[in-house]
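Enquirer: for reference, the sequence and a predicted model appear below.
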Amino acid sequence: EVSSLHYVKKMIVDPTSVKSIIDHRCINSCGAFIGLWADLDACPTCGEPHYDQKQLQWSHGCTKVPHAVFQTIQINPQLQALWREQGSVKSMRYRNDWT
């Protein structure tokens with residue numbers, strides 16, 4: 001039996017605190033709509049719209065669905081999770097102990 005994506009994410013996040021951050025990006029991968037670009041309606045590099053125009057028209061401008069998204073997993077929670085596990089700590093200290 002295959003577990004649902006929601007269940008698998010919950011199994012990972014609960015014990016480790018490792019979460020992904022979802023951000024919008026240009027459909028052509030020119031850049032991300034974060035920071036100063038977060039409120040833009042089109043990519044400043046290629047001019048492609050930020051949001052799916054068909055979905056925007058269908059919802060009369062109420063539902064903004066990005067053309068593309070990307071997920072980032074921050075390194076700090078990953079390292080903290082590794083340092084909480086005794087076996088991982090021992091493995092990470094190998095180079096320090098033997099060189």
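Expert: Now that the structure is in, tell me what you want to look at.
Enquirer: any idea how far Arg93 lies from Gln80?
Expert: 16 Å (C-beta to C-beta, to the nearest Å). All C-beta atoms are positioned from the backbone trio N, CA, C, and that covers glycine.
Enquirer: for His60, same thing?
Expert: From His60 to Gln80 the distance is 45 Å (C-beta to C-beta).
Enquirer: higher neighbour count, these two?
Expert: Shown here are His60 and Gln80; by other C-beta atoms under 10 Å, Gln80 has more neighbours (12 against 7).
Enquirer: ramachandran angles for Ile21?
Expert: When read as degrees, to the nearest 10, the backbone of Ile21 gives phi -110, psi 130.
Enquirer: revised request: answer the last question for Val69.
Expert: Torsion angles, degrees, to the nearest 10, at Val69: phi -130, psi 160.
Enquirer: is it true that it touches Arg25?
Expert: Yes: at 6.5 Å, Val69 and Arg25 qualify as touching, with contact defined as C-beta atoms under 8 Å.
Enquirer: so if I had to pick from those two, which one is more boxed in?
Expert: Using other C-beta under 10 Å, the more surrounded residue of Val69 and Arg25 is Arg25, with 19 against 12.
Enquirer: ok, that one - contacts?
Expert: Arg25 is in contact with Gly31, Ala32, Phe33, Pro66, Ala68, Val69, Phe70, counting by C-beta atoms under 8 Å, 6 or more residues apart in numbering.
Enquirer: closest one of those to Ala42?
Expert: Phe33 (9.8 Å; C-beta to C-beta).
Enquirer: if anything else comes up later, I'll come back, but that's it for now.
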